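J.: Would you be able to build a 3D model of this:
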Amino acid sequence: MLEAEKSKVHAANLELEKGVAERTSQLVIMNKDLQQEISERKRSAEALKLSEERYRTILESMQEGYFEVDLAGKLKFFNHSAAKILGYSPQEMEGLDYHDYTNKDTAKKMYQVFNTLYTSGKSVDVMDYGIVRKDGEVRILSMSTSLIRNLQGKPAGFRGVARDDTARKRAEEKIRQMNDELEQRVVNRTAQLNEVNLALKQSLVTVKKTQDRLVQTEKMASLGSLVAGVAHEINTPLGIGVTASSLLEEKTRHINSLHAFGKMKRSDLDKYLKAANDASSSILLNLNRAVDLIRSFKQVAVDQSNEERRSFGVKDYIDNVLLSLLPQLKKTKHHVQVDCQEKLQINSYPGAFSQIITNLVMNSLLHGFSGIERGKIQIRFSKTRAAYVLIYRDNGVGMDENTRLNIFEPFFTTKRASGGTGLGMHIVFNIATQTLNGSISCESEPGKGTVIAIKIPLNQEIDDV
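T.: Take a look at the predicted model:
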């Protein structure tokens, strides 16, 4: 029985040892799991601490202000930039709510923002949010705000990131003011320019009218000079005719007296007949010359004062113009040569040709042949496939480059001290380019004379019909 009991005790001990071993093994495993869990918790705590430090570092290094408030709007958390924006120390910031650093209107605006966040849960961007710093300075912020929820997912407060836009807003306002001022200056300047432009237009109209009157005066002066010259030229043949007529009248009275008293001899009759023949020839020659001068003058004068077009022979007309200029040419030893086909006809403005030839010849006499005793003028008119070409050439003193470039400008003259108006060549330019619808050019060098070339398009006869 004792042995049996010992066996039972031994068996029970074995079972107990086995149970202890199993429980010990379980405890070892549980201890190992617990140690692992503790290690993981320590690592999590260290990671959380590192994350919080990193989070805090990021918040403190931000230029923008970060803040968290409860549902009543009191500050619970903020970074250094938020305190700097508001101008308070971190200790002074504790417990402040948005009413403490906003005015009444801004506080009402912020309440509406918080209410929208609470009811919708969606983030809200706030622009032009005005705050009042501790020192009383007003700053303008822009914010991005969102809702904070607790572990149960219920609203617990609000967070936001605020940026100080005061400098930008002031710059924008300054730019806006500058733009407004600039726009006003532009409006004022535009009004001034409009007034100046209007005055300039009126001045241009006045100048144009004055210039037209001066050009017309110049034409009439040229015509007056032509009249005076031709009148003087006509006096010569008429004077000779009057003298011959007086002589013939005297001879006739003498022969009548001899015949009445019966004292007339054959020799007296022969002398009378010879004197009568000479006188009548002289009278007829000079009257014909006067008639030619008058006809030439009449045609040229009418053409210069009349802008109607007609068909005319170019050679004969140029000769007539030169005949009207004979009083001026006779005072000099200059020679004029005309090179043109006898039968060349043109349907154009003879008055334009008269003005061009007259002004060119007078320009040579007054300027080109200054200091030259015997000058030569060559006028050549021809017809090509594309145009009529008038080449006027003199062997005068020529022009320097500045004079050549400005010769067609109105009122430009090198003889103003001598009474020159500077309109002669300007008239030639206008007639060539406007009346005749052509082109004109000038070539000249000091000591090498001057060449004026005028091209008149062949179709100008059709254009103006």
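
J.: what are the ranges of the strands in the stretch 101-250 of the chain?
T.: 124-132, 138-149, 155-164 (DSSP state E, counting those that start in this stretch).

J.: right, so the ones you listed: which one is the most enclosed?
T.: Across the strands of the stretch 101-250 of the chain, averaging neighbours per residue (mean count of other C-beta atoms under 10 Å) puts strand 155-164 on top, at a mean of 19. Every residue, glycine included, has its C-beta placed from N, CA and C.

J.: residue contacts, residue 200?
T.: Not one residue lies near residue 200 by C-beta atoms under 8 Å, 6 or more residues apart in numbering.

J.: what's the spacing between it and residue 133?
T.: For residue 200, the distance to residue 133 equals 57 Å [C-beta to C-beta, to the nearest Å].

J.: just residue 205 next, same as before
T.: For residue 205 relative to residue 133 (C-beta to C-beta), the value is 66 Å.

J.: Leaving out chain neighbours, which residue sits closest to residue 432?
T.: residue 440 (4.1 Å; C-beta to C-beta, 6 or more residues apart in numbering).

J.: All the helices of the stretch 201-350 of the chain, in order from the start?
T.: All helices of the stretch 201-350 of the chain, identified by DSSP state H, counting those that start in this stretch, fall at 266-305, 314-324, 326-330, 350-363.

J.: Point out the most buried one among these.
T.: The most buried one of these (mean count of other C-beta under 10 Å) is helix 350-363, showing a mean of 23.

J.: Please work out the average pLDDT along that one.
T.: Averaged over helix 350-363, pLDDT sits at 87.

J.: Quick one: list the elements packing against the helix or strand just after that helix.
T.: The helix or strand immediately downstream of helix 350-363 is strand 376-383, counting by DSSP states H and E. Here strand 376-383 touches helix 314-324, strand 335-339, strand 387-394, going by 3 or more C-beta pairs under 8 Å, 6 or more residues apart in numbering; DSSP states H and E.

J.: Let me see the domain layout of the protein.
T.: With automatic domain parsing as the criterion, the domains of the chain are listed as 1-61, 63-164, 186-284, 306-463.

J.: quick one: average confidence on the shortest one?
T.: Per-residue pLDDT values over domain 1-61 give a mean of 78.

J.: Looks to me like residue 66 is in a strand.
T.: Yes. According to DSSP: H, G, I helix; E, B strand; the rest coil, residue 66 belongs to a strand.

J.: mind starting the numbering at 18 from now?
T.: Happy to do that; since the first residue is 18 now, the last one works out to residue 83.

J.: And residue 349, its phi and psi?
T.: Main-chain dihedrals, residue 349, degrees, to the nearest 10: phi -120, psi 180.

J.: For it, which residues are in contact?
T.: Listed by C-beta under 8 Å, 6+ apart, the contact partners of residue 349 are 382, 386, 392.
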